[in-house]
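1. sequence unavailable; structure follows:
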């Protein structure tokens, strides 16, 4: 399970529930966080470089890219480079629009996810007659990361970031908000608290867990005795914090064994 920071833990906790028998590794590229402002070329090189180091060390059966910003751009390069399955995380626009009664849907994401052609294609293909408002929050992922680390983030900061997602046009107003960054579900209680009105929040984590489970095959046994392994590129992850979020034992955080910082796109094997 890979993300730029702690956000992927929102997907991870669903995977742990779906596959108690699996041995999990959570890897965070915290030295590269946040991904949103990075150029496309830089982001591809960054993620492929970190993934090269992780796969060489761990030889996983499958990889979940628990990051919308990375998934909407880097998945083709990873799938061309490796034969193992990669499961991505992309904005859940189709189920959001199918369930909207007012036909006013907002996608709350990072600036990188908002500008991707992939996101625009999802809207063209699946929005139907819904009006979709794309909101590229500059600070929300960092605010979520800080809040999970114990920093006292004021309600006003969260309210300012989500305000553009709440649109009123005549009698119709937004009734569904897509959480298109895995950091956001980790602070969903705060988002609900400051929202101008109640909405349906769409989180794709459960669907990702079902997809991974289908790739892994039937559940082998009740629970794996192995604690999760934690890797990061900057500072070791806090095992106690991860355990609190996902409800599963974790080993002390380790650093990703990278030979050097990724600077350019490696040539596919």
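-> All right, it came through fine. As the structure is a prediction and not an experimental result, all values here were calculated from the model.

2. going forward, measure contacts and count neighbours with C-alpha atoms only.
-> OK.

3. gap between residue 2 and residue 68?
-> Here residue 2 is placed at a distance of 11 Å from residue 68 (C-alpha to C-alpha, to the nearest Å).

4. now stretch 178-189: average pLDDT?
-> Stretch 178-189 carries an average pLDDT of 96.

5. now stretch 12-23
-> 90.

6. distance between the ends of that stretch?
-> Note: stretch 12-23 ends 12 Å apart using C-alpha to C-alpha.

7. need the contact partners of it.
-> 1, 205-206, 208-210, 212-213, 219-224, 226-228, 245-248 (C-alpha atoms under 8 Å, 6 or more residues apart in numbering).

8. how far off centre is that stretch?
-> Computed by C-alpha atoms, centre = their mean, to the nearest Å, the chain-centroid distance of stretch 12-23 equals 16 Å.

9. and the strands in this structure?
-> 2-3, 25-28, 63-64, 86-87, 104-109, 131-136, 168-169, 172-173, 176-179, 200-202, 229-232, 254-255 (DSSP state E).

10. and of the ones you listed, who's closest to residue 189?
-> strand 200-202 (10.9 Å; C-alpha to C-alpha).

11. the closest one pairs with which strands?
-> strand 176-179 (parallel) (DSSP bridges).

12. low-confidence ranges in the stretch 101-250 of the chain?
-> The stretch 101-250 of the chain contains no residues with pLDDT under 70.

13. switch to 90 and redo it
-> 112, 149, 170-171, 216, 218-226, 247-248 (pLDDT under 90).

14. output the strands of the chain as TSV; include the columns distance to residue 56 and mean neighbour count.
-> Below are the strands of the chain laid out as TSV (distance: least, C-alpha to C-alpha, whole Å; neighbours: other C-alpha atoms under 10 Å):
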stretch	distance to residue 56	mean neighbour count
strand 2-3	15	27
strand 25-28	14	25
strand 63-64	13	21
strand 86-87	15	20
strand 104-109	31	27
strand 131-136	34	20
strand 168-169	50	10
strand 172-173	49	14
strand 176-179	32	25
strand 200-202	35	18
strand 229-232	13	22
strand 254-255	14	16
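
15. export those strands to CSV and tack on distance to residue 75?
-> As requested, the strands of the chain are exported to CSV (distance: least, C-alpha to C-alpha, whole Å):
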stretch, distance to residue 75
strand 2-3, 12
strand 25-28, 16
strand 63-64, 10
strand 86-87, 7
strand 104-109, 18
strand 131-136, 21
strand 168-169, 35
strand 172-173, 34
strand 176-179, 20
strand 200-202, 22
strand 229-232, 20
strand 254-255, 23
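
16. among these, which is nearest residue 76?
-> When the strands of the chain are compared (using C-alpha to C-alpha), the closest one is strand 86-87, at 9.6 Å.

17. so for the closest one, what's the average pLDDT?
-> pLDDT averaged over strand 86-87 gives 96.

18. need the residues that contact that strand.
-> Taking C-alpha under 8 Å, 6+ apart as the rule, strand 86-87 contacts 62-65, 75, 78-79, 208, 211-212.

19. what about residue 221, neighbour count?
-> 10 (other C-alpha atoms under 10 Å).

20. how near is the closest residue in space to it that isn't next to it in sequence to residue 52?
-> Nearest-residue entry for residue 221: residue 21, 5.5 Å, with adjacent residues in sequence omitted and distances by C-alpha to C-alpha, 6 or more residues apart in numbering. According to C-alpha to C-alpha, residue 21 and residue 52 sit 26 Å apart.

21. one more: residue 233?
-> Relative to residue 52, residue 233 is positioned 13 Å away (criterion: C-alpha to C-alpha).

22. higher neighbour count, the two?
-> When neighbours are counted by other C-alpha under 10 Å, residue 233 comes out ahead of the other of residue 233 and residue 52, with 22 against 17.

23. follow-up on the earlier one: ok, of the contacts of stretch 12-23, which come out buried?
-> 1, 205-206, 208-209, 212-213, 228, 246, 248 (16 or more other C-alpha atoms under 10 Å).
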